[in-house]
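Asker: Pasted the sequence and its predicted model underneath.
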Amino acid sequence: MRLPVALVQLDATGDVDRNIAAAVSLADEAAAGGARLVALPEYLQYRGADDGFRASARPIPGPHTEPFAEVARRRGAWILAGSTAELSNDPGRPFNSSALIAPDGSVAAVYRKLHLFDVSVDDGPSDTESARVTAGDRMVTAEVEGVTLGLTICYDLRFPELYRSLAVAGAQILAVPSNFTERTGRDHWEVLLRARAIENGAYVLAPAQIGGPPGQPAHGHSMVVDPWGTVVAEAPNAVGIIRADIETDRVAAVRRQIPVLANRRPGLYPLTS
C-alpha cells in the first residue's frame, strides 16, 4: 500500500492567530498537492514566554483544531496537528497535545506528550517543560488509511522503549512532531530519528520548527526516514513542505529481513523502575 505524506516545517512566533493561519495555509497546500496525511510540528500555535503559552491553551476539539478540520474536510485528508496547548484540569499547566484529524473533520485521536523536556545542557538549552505542561499518561496509536500510526512528540524521541512499545502494538509509522533545539539537534536529531526507524522497522515522520524566540533557536531539518534508516526527505532551513510516500510493503520487507520485533526476549530484560 502507498500512502502519500507531507511534513510542514514552521517558524511559529508569539502571535497565535498568525501561527495558526500560516500552519493552516501550508497544511491546505500540502493536502491539495496530493498528501493523504499531513503532519505539522510541535508548539505550532505559540512559541514564547510561559505565560503566553498557558494563555494560548484551548480545548481539543476547539478553535485551534477546527481550522485544520476544515482543511481535512475540504481536501479529504488526514491532518496531524503536531502539538498545541490543550486545556487540562490545571490552568497553569495545560497538556502539550497532538490531535489527529480525520478526513470528515472529526478528531480521531489525541496524544498528550508523555516525557517533558526538563534538562540543562552545558552551553546549551535549559528548560523545565513540566513547569508549564501537564504530562500525558498513555501511549496512543491510530489507524490512518489502514496503516497504524504511533504518536509521540519531540523529547519522547529519547525514550526508545516508547517506540518499541508502539511498534509491538502494530505501528508502521512513528510520528515525532518537534521543536528540537539547535544545540542538541545538530548532534542528536538525525541520529535518533534513524535509530528509532531502524530499531523498529518503521517509517519515522518528523515535522519540525525552525527559528524561535531569541536565545532558543530550533534545529529544523524536518525529515522522513524509511524502515531501513534511510533519510528519504529532508527540509532545508526554511518554512515549507516536504513530501514522501509511505510504502507498507517496505515495512513488511524490512521486518522480514531483520525480524527484531519477532526475536525479542522481553522476559529476560524487563524494564524496572
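Answerer: Nice, thanks for sending it over. Numbering: from 1, shown residues only.

Asker: Strands of this protein, residue ranges please.
Answerer: Taking DSSP state E as the test, the strands found in the chain are 2-9, 37-39, 78-86, 95-101, 107-112, 118-120, 126-128, 140-144, 147-151, 173-175, 203-206, 223-225, 231-234, 240-247.

Asker: between the longest one and strand 95-101, how big is the angle?
Answerer: In other words, strand 78-86. In terms of direction (axes from the mean of the first three to the mean of the last three CA atoms, to 10 degrees), strand 78-86 departs from strand 95-101 by 160 degrees.

Asker: rewinding a little: reformat the strands of the chain as a markdown table; add distance to Gly185.
Answerer: Backbone N, C-alpha and C define where each C-beta goes, glycine included. Formatted as a markdown table, the strands of the chain follow (distance: least, CB to CB, whole Å):
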| stretch | distance to Gly185 |
| --- | --- |
| strand 2-9 | 13 |
| strand 37-39 | 18 |
| strand 78-86 | 16 |
| strand 95-101 | 18 |
| strand 107-112 | 22 |
| strand 118-120 | 13 |
| strand 126-128 | 14 |
| strand 140-144 | 25 |
| strand 147-151 | 21 |
| strand 173-175 | 17 |
| strand 203-206 | 11 |
| strand 223-225 | 11 |
| strand 231-234 | 13 |
| strand 240-247 | 17 |
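
Asker: Present these as TSV; the columns should include mean neighbour count, mean pLDDT and distance to Leu192.
Answerer: Formatted as TSV, these follow (neighbours: other CB atoms under 10 Å; pLDDT from 0 to 100; distance: least, CB to CB, whole Å):
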stretch	mean neighbour count	mean pLDDT	distance to Leu192
strand 2-9	24	98	17
strand 37-39	27	99	17
strand 78-86	28	98	17
strand 95-101	27	98	18
strand 107-112	20	98	19
strand 118-120	12	87	14
strand 126-128	13	84	18
strand 140-144	19	98	20
strand 147-151	25	98	15
strand 173-175	27	99	11
strand 203-206	28	99	9
strand 223-225	26	98	10
strand 231-234	17	98	13
strand 240-247	19	98	18
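
Asker: pretty sure Gly48 contacts Asn19?
Answerer: No - counting by CB atoms under 8 Å, Gly48 does not reach Asn19; the two are 10.1 Å apart.

Asker: More neighbours: the two, which one.
Answerer: Ranked by neighbour count (other CB atoms under 10 Å), Gly48 and Asn19 place Asn19 first, with 22 against 17.

Asker: So what touches the least confident helix or strand in the chain by mean pLDDT?
Answerer: Least confident helix or strand, the chain: strand 126-128 with a mean of 84, by mean pLDDT, DSSP states H and E. Contacts of strand 126-128 with the rest of the structure, by CB atoms under 8 Å, 6 or more residues apart in numbering, involve Phe117, Asp118, Val119, Ser120.
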